[in-house]
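*Asks:* Using only what follows, build the 3D model:
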Amino acid sequence: MEPAINLNIKAIQHIGIPVTNVVMSALFYSRLGFANVMEKQFDHNGEQGICMMMKRDAMIIELYQLPNNALPEIAARKDGHIDHVAFDVADIDEAYSIIKEGGFNIIEPGPVFLQFWTDGCRYFNITGPDGERLEFNQVL
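*Replies:* This is a model prediction of the structure:
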C-alpha cells in the first residue's frame with residue numbers, strides 16, 4: 001500500500017447529486033432545513049442545465065439537473081452514483097420521530113443499531129425524490 005500524500009483536506013466540501021427535477025428536489029431538501037444559497041445554469045453539450053447548492057450549517061448538497069436531452073445519460077450511468085449521504089444527529093430517536101411526523105419515506109421501521117465505533121451507532125435512512133438514500137446517524 002502506498003503512503004498517503006501530504007494534502008490538506010479539511011472537510012467534505014459538498015455532495016453532488018444528479019436529479020431529474022431540481023425544483024422538486026430543492027423543495028424536498030428545504031424540508032430538511034437546507035436553504036438554496038446558489039442557483040446557476042451551466043452548459044452541457046450545448047444545452048443548459050441547472051445547479052442549486054443547498055446549504056445547512058456547514059453541509060452543502062449540490063443538486064444538478066442536466067438538460068432534457070441528457071436524461072437518458074443519467075438513467076444509463078453504471079458508476080459514479082452516491083450510495084448515501086449521512087447526517088450526524090445528536091438524538092436518533094428524536095430525529096426518527098421528526099422525520100416520521102414529516103411524512104418522509106423511511107426505509108427502516110425504526111433506528112438500527114450497528115456495532116461500529118467504540119460503543120456502536122444507530123441509524124435510519126429515507127429516500128429522496130430520485131431514490132437517493134439519506135442516512136441519519138448517531139454515534140453512541
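
*Asks:* can you map out the strands along the protein?
*Replies:* Ranges of strands in the chain, per DSSP state E, are 15-18, 35-44, 47-56, 59-65, 84-88, 112-114, 121-127, 133-139.

*Asks:* So in that sheet, which strands flank the fourth one, and in what orientation?
*Replies:* Which is strand 59-65. Next to strand 59-65 in the sheet, as set by DSSP bridges, lie strand 15-18 (parallel), strand 47-56 (antiparallel).

*Asks:* Need the mean per-residue confidence for the longest one.
*Replies:* Looking at strand 47-56 alone, the average pLDDT works out to 93.

*Asks:* which residues touch it?
*Replies:* By C-beta atoms under 8 Å, 6 or more residues apart in numbering, the surrounding residues in contact with strand 47-56 are 14, 22, 25-26, 29-30, 32-43, 60-70. In this view, the C-beta of every residue, glycine as well, is placed from N, C-alpha and C.

*Asks:* can you redo the strands paired with strand 59-65 as a markdown table with distance to residue 88 and mean neighbour count?
*Replies:* A markdown table is the format used below for these (distance: least, C-beta to C-beta, whole Å; neighbours: other C-beta atoms under 10 Å):
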| stretch | distance to residue 88 | mean neighbour count |
| --- | --- | --- |
| strand 15-18 | 14 | 18 |
| strand 47-56 | 12 | 17 |
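
*Asks:* out of these, which comes closest to residue 129?
*Replies:* Smallest distance to residue 129 across the strands paired with strand 59-65 (C-beta to C-beta): 9.9 Å, for strand 15-18.

*Asks:* how close does the residue lying closest to residue 11 once chain neighbours are set aside get to residue 124?
*Replies:* Spatial nearest neighbour of residue 11, excluding adjacent residues (C-beta to C-beta, 6 or more residues apart in numbering): residue 58 at 7.1 Å. Counting by C-beta to C-beta, to the nearest Å, the gap from residue 58 to residue 124 is 22 Å.

*Asks:* Using TSV, please lay out the strands of the chain together with distance to residue 96.
*Replies:* Formatted as TSV, these follow (distance: least, C-beta to C-beta, whole Å):
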stretch	distance to residue 96
strand 15-18	22
strand 35-44	23
strand 47-56	18
strand 59-65	19
strand 84-88	12
strand 112-114	10
strand 121-127	6
strand 133-139	7
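
*Asks:* Nothing else from me, thank you.
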